[in-house]
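[1] Sequence first, predicted coordinates after that:
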There are 2 protein chains.
Amino acid sequence: MNKKPLILVTNDDGINAPGLRALIKIMSGIGEVFVVAPDSPQSAMGHAITINSILHCKKIKSDNINTIEYSCSGTPADCVKLAINEILDRKPDICVSGINHGSNSSINVVYSGTMSAAIEAGIQGVPAIGFSLLDFKWNADFKPFKNYIKKITLEVINNPTHKNLILNVNLPKLKENQIKGIKICRQANTTWLEKFDKRSNPMGEKYYWLTGTFLNNDNGIDTDEWALDNNYISIVPTQFDLTDHNMIQTLKKWDL
Amino acid sequence: MNKKPLILVTNDDGINAPGLRALIKIMSGIGEVFVVAPDSPQSAMGHAITINSILHCKKIKSDNINTIEYSCSGTPADCVKLAINEILDRKPDICVSGINHGSNSSINVVYSGTMSAAIEAGIQGVPAIGFSLLDFKWNADFKPFKNYIKKITLEVINNPTHKNLILNVNLPKLKENQIKGIKICRQANTTWLEKFDKRSNPMGEKYYWLTGTFLNNDNGIDTDEWALDNNYISIVPTQFDLTDHNMIQTLKKWDL
């Protein structure tokens, strides 16, 4: 590649999140960095897009030399659509999303704003990676993962034949010397045991907070949960064809 | 089945949408109907859930005898979580979502609030169907589909072994005698050619509206788009395992 790769960076924790700042820093060592990220936190937004309202998108001052940054009023998927189709003058070579403060492994991918941005890029024909660290804290330590994130990103850039490639990368909360390496995995079959915390407001009206306990019923050693539990970084190749292809033949036998 | 099936009904167009009212009417001819639907439109909300804010959920008066209805401040996925885990005293036999005013075929499934409700039910182990009519109009005619919707719903109830079954049903905008029948399909590989309509507000600040043109590059005759174009009702079995299983072997050969 003669010219520097163009890297679109986004996230769902918002443009000021330390995870995003860490990712921008890593990416500025690889290519030309262009950031379009939500102006406020958008966690658990799934693949929401803004169709009944307007979007604002403002260029902001960046701390990093050679980095252009936009703050956007929309969802993570909006940011990617806007960046690729309106703001950028050429198609990015890759889109990276994160680093998310918190896990997006197994079933969490379905709710994840971080991954919806990556999936949206994949839909638009831009290879994409979502990075998530298993640590919700705002001051989480992203340093141990710098070299891994760089390696994975370069490998995707160097294999540009897979235009719809989407990787869901989860990082275990470990020190660098505790990380055993990288595992290519499938999404574990897990659930949340949901519990609603029911309360009353000062006017006596009921309201709810969603809470829950994570349940892993999947014993496979080829899953992302297994990899993370065993000190590996997990990579799940992710797709946007939601068809349950195995079920098609079963349904064809039904009386429909 | 001795007792009447318990049917959870929801949607993304909100509790007052004619599509939901039509679905409630059809379902009340099949079983005991329990509605938990958003108090306002939630189109294109994808699989968003409410984790950083509270949820309100109020019992409201129903026009239908033997129908219990709740109006909820959350997203479609929130409604399903709340209904199954907090409000209902037994697990529903099925969850139906819709009838959506507008298509959720092919790539639209990714953005769809209607389908996120169905997928959430599938995750919770409740077989689910999302119904969508290819007509955005509020006064769309749902009558031609009554018997088909009843037939598909009964078939799912009568095959209760598939606890995670999720069907994405799209209905072509036709008169009853024009519908050729039902096709079991895969999700067509389509895209939106996105275009942002750029405007200025009275203060001279830029803002955007998302617009786009639908592009079907998939020539397969086994797709939902083909079925709908050829006057069939399309059914795509849908799953929440987003792993691109074919890509796993390719990635294992990469230098990671």
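    Thanks, I have it.
[2] Going by C-alpha atoms from here, please, whenever you check contacts or count neighbours.
    Noted.
[3] In contact with residue A:146, which residues?
    Applying Cα atoms under 8 Å, 6 or more residues apart in numbering or on different chains to residue A:146 gives the contacts residue A:26.
[4] doesn't it fall inside a helix?
    Yes: membership of residue A:146 in a helix is supported by DSSP: H, G, I helix; E, B strand; the rest coil.
[5] What's the local residue count around residue A:249?
    11 (other Cα atoms under 10 Å in any protein chain shown).
[6] what do you get for residue A:49?
    Residue A:49: 23 neighbours (other Cα under 10 Å).
[7] cool, residue A:231 as well?
    Around residue A:231 there are 18 residues (other Cα under 10 Å).
[8] For it, give its distance to residue B:10.
    41 Å (Cα to Cα, to the nearest Å).
[9] cool, residue A:140 as well?
    In terms of Cα to Cα, residue A:140 sits 39 Å off from residue B:10.
[10] neighbour-wise, which of those two wins?
    residue B:10 (33 against 15).
[11] Show me what that one bridges to in the sheet.
    Going by DSSP bridges, residue B:10 is paired in beta bridges with residue B:97.
[12] That one reaches residue B:33, doesn't it?
    No: the pair residue B:10 / residue B:33 is not scored as a contact, 10.5 Å apart, by Cα atoms under 8 Å.
[13] Nearest spatial neighbour of residue A:197, chain-adjacent residues omitted?
    Nearest non-adjacent residue to residue A:197, counting by Cα to Cα, 6 or more residues apart in numbering or on different chains: residue A:209, 5.0 Å away.
[14] my guess is that neighbour is in a strand, correct?
    Yes: according to three-state DSSP, residue A:209 belongs to a strand.
[15] check contacts around it.
    Residue A:209 neighbours (Cα under 8 Å, 6+ apart): A:196-198, B:51, B:53-55.
[16] Which of the residues you listed are buried? Put it as a PyMOL command.
    Those of the contacts of residue A:209 that count as buried under 16 or more other Cα atoms under 10 Å in any protein chain shown are selected in PyMOL with:
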select buried, (chain A and resi 196) or (chain B and resi 55)
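[17] tell me which of the contacts of residue A:209 is nearest to residue A:114?
    residue B:51 (15.1 Å; Cα to Cα).
[18] Give me the spatial nearest neighbour of that closest one, chain neighbours excluded.
    Per Cα to Cα, 6+ apart, closest to residue B:51 is residue A:210, 6.2 Å.
[19] pretty sure that neighbour is touching residue A:197, no?
    Yes: the pair residue A:210 / residue A:197 is scored as a contact, 6.4 Å apart, by Cα under 8 Å.
[20] For the stretch 101-250 of chain A, which residues are neighbours of chain B?
    Within reach of chain B by Cα under 8 Å from any Cα of the partner chain, the stretch 101-250 of chain A has these residues: A:107, A:110-111, A:123-124, A:151-152, A:155, A:182, A:184-187, A:189, A:191, A:194-196, A:206-210, A:236-245, A:247-248.
[21] which regions of chain A lie under the pLDDT threshold?
    For chain A, applying pLDDT under 70 flags the ranges A:1-2.
[22] ok, now with 50
    For chain A, the stretches with pLDDT under 50 are A:1.
[23] which residues does residue A:108 contact?
    Going by Cα under 8 Å, 6+ apart, the list of residues near residue A:108 is empty.
[24] Please determine how far it is located from residue A:67.
    Distance of residue A:108 to residue A:67, given as Cα to Cα: 31 Å.
[25] Kindly report the same for residue A:118.
    For residue A:118, the distance to residue A:67 - Cα to Cα - is 20 Å.
[26] Name the residue in those two with the higher neighbour count.
    Neighbours per residue (other Cα under 10 Å) separate residue A:118 from residue A:67, with residue A:118 holding more: 35 against 18.
[27] Show me the helices in the stretch 1-150 of chain A, by range?
    A:18-28, A:76-82, A:113-123, A:146-157 (DSSP state H, counting those that start in this stretch).
[28] looking at the ones you listed, which is buried most?
    Most buried of the helices of the stretch 1-150 of chain A, by mean neighbour count (mean count of other Cα atoms under 10 Å in any protein chain shown): helix A:113-123, with a mean of 31.
[29] ok, residues contacting that helix?
    Contacts for helix A:113-123 (Cα under 8 Å, 6+ apart): A:10-12, A:42-47, A:75-77, A:79-81, A:95-98, A:100, A:104, A:109, A:127-132, A:163-168, A:238-240, B:191.
[30] again, only using 7 Å
    The contact list for helix A:113-123 (Cα atoms under 7 Å, 6 or more residues apart in numbering or on different chains) reads A:11-12, A:42-47, A:76-77, A:80, A:95-98, A:100, A:109, A:127-130, A:163-166, A:168, A:240.
[31] Check stretch A:97-105 too.
    Taking Cα under 7 Å, 6+ apart as the rule, stretch A:97-105 contacts A:9-11, A:13, A:19-20, A:23, A:112, A:114, A:117-118, A:129-138, A:170, A:224-225.
[32] Just the endpoints, please. Distance across that stretch?
    End-to-end distance (Cα to Cα), stretch A:97-105: 14 Å.
[33] Same check on stretch A:182-189?
    Terminal-residue distance, stretch A:182-189 (Cα to Cα): 20 Å.
[34] just stretch A:232-241 next, same as before
    Using Cα to Cα, first and last residues of stretch A:232-241 are 27 Å apart.
[35] Likewise for stretch A:89-102?
    33 Å.
[36] Report the buried residues of it.
    Those would be A:92-102, for stretch A:89-102 by 16+ other Cα under 10 Å.
[37] ok, of those residues, which one's closest to residue A:176?
    residue A:99 (16.3 Å).
[38] So the closest one versus residue A:10, what's the distance?
    Relative to residue A:10, residue A:99 is positioned 9 Å away (Cα to Cα).
[39] likewise residue A:233?
    Where residue A:10 is concerned, residue A:233 sits at a distance of 21 Å (Cα to Cα).
[40] Quick check: residue A:163 vs residue A:102, distance?
    27 Å.
[41] just residue A:204 next, same as before
    Taking Cα to Cα, one finds residue A:204 at 34 Å from residue A:102.
[42] Same check on residue A:160?
    29 Å.
[43] ok, now residue A:254?
    Taking Cα to Cα, one finds residue A:254 at 42 Å from residue A:102.
[44] One more: residue A:178?
    From residue A:178 to residue A:102 the distance is 19 Å (Cα to Cα).
[45] End to end on stretch A:159-179, go ahead and measure it.
    End residues of stretch A:159-179 are separated by 25 Å (Cα to Cα).
[46] As a check, name the ranges of all strands in the stretch 1-150 of chain A.
    Listed in chain order, the strands of the stretch 1-150 of chain A (DSSP state E, counting those that start in this stretch) span A:6-10, A:32-38, A:57-60, A:67-72, A:94-101, A:128-133.
[47] Check for me that residue A:213 belongs to a strand.
    Yes: under three-state DSSP, residue A:213 falls within a strand.
[48] Chain neighbours aside, what residue packs nearest to it?
    Closest to residue A:213 by Cα to Cα, 6+ apart is residue A:193, at 5.0 Å.
[49] Next, the residues that contact the host helix or strand of that neighbour from outside, please.
    Take DSSP states H and E as the rule and residue A:193 turns out to sit in strand A:190-200. The contact list for strand A:190-200, computed with Cα under 7 Å, 6+ apart, reads A:106-107, A:206-218, B:85-86.
[50] List the buried residues for it?
    So, applying 16+ other Cα under 10 Å, buried residues of strand A:190-200: A:190-191, A:194-196.
[51] before we move on, what about stretch A:234-246?
    For stretch A:234-246, by 16+ other Cα under 10 Å, it's A:234-245.
[52] swap in stretch A:162-178?
    Using 16+ other Cα under 10 Å as the test for burial, stretch A:162-178 gives A:163-174.
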